[in-house]
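Trainee: What would the 3D arrangement of this be:
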Amino acid sequence: MVFQKAAGGWSLRSANKLETDGMGSYELDNLFGFDKEEGKLHIYSLTNMAETHDHSASWTDESTLKGEYDGLKDGKKFREDFVIRILDPARITVNYIEKVDEKTDSTMSLILQK
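Mentor: Model (predicted):
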């Protein structure tokens, strides 16, 4: 994961590359920006799997960011929900759930640390 400032320092850009068994290489680029009118963080994601999502997220407390995306996957109702928690300055957790037609399709739980 590589993070850089974007939009003159008012936003954040990330480039991510993961190697997974059975899936091969997965590449994900994100743009993070805060919409002051809505009071929400938007995370616009692009992948090498031809996915583009505009996630909307809000802080529920000082260390917890909850977000979502609603769209379509293979013509079916698709939803992503995630919770990011800052444990300390060097560690965060990410819990992520994908649903297709309101049934859990996949989950992911991560602990990221410096």
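
Trainee: okay, the helix or strand of the chain with the lowest mean pLDDT in PDB with CA atoms only?
Mentor: Across the helices and strands of the chain, mean pLDDT, DSSP states H and E gives its lowest value to strand 11-20, namely a mean of 91. Below are the C-alpha coordinates for strand 11-20, written out as PDB (Å, rounded to 0.1, in the frame of the first residue of the first chain):
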ATOM      1  CA  SER A  11      -7.300  14.600  -0.300                       C
ATOM      2  CA  LEU A  12      -5.500  11.300  -0.200                       C
ATOM      3  CA  ARG A  13      -4.600   8.800  -3.000                       C
ATOM      4  CA  SER A  14      -3.600   5.200  -2.400                       C
ATOM      5  CA  ALA A  15      -2.300   2.500  -4.700                       C
ATOM      6  CA  ASN A  16      -2.600  -1.100  -3.400                       C
ATOM      7  CA  LYS A  17      -1.500  -4.400  -4.900                       C
ATOM      8  CA  LEU A  18      -2.300  -7.800  -3.300                       C
ATOM      9  CA  GLU A  19      -1.300 -11.300  -4.300                       C
ATOM     10  CA  THR A  20      -3.800 -13.900  -3.200                       C
END
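
Trainee: all strands for this protein, in order.
Mentor: Assigned by DSSP state E, the strands in the chain fall at 2-6, 11-20, 24-35, 40-47, 52-61, 64-73, 76-88, 91-100, 103-113.

Trainee: just to revisit the earlier point, pull out the buried positions in the least confident helix or strand of the chain.
Mentor: Counting neighbours by 16 or more other CB atoms under 10 Å, one finds that the buried residues in strand 11-20 are Leu12, Arg13, Ser14. To be clear about C-beta, it is placed using only N, CA and C from the backbone, and glycine gets the same treatment.

Trainee: now stretch 27-38
Mentor: Going by 16+ other CB under 10 Å, stretch 27-38 has these buried residues: Leu28, Asn30, Leu31, Phe32.

Trainee: ok, and what's touching that stretch?
Mentor: With CB atoms under 8 Å, 6 or more residues apart in numbering as the test, stretch 27-38 has contacts from 6-7, 10-18, 40-48, 56.
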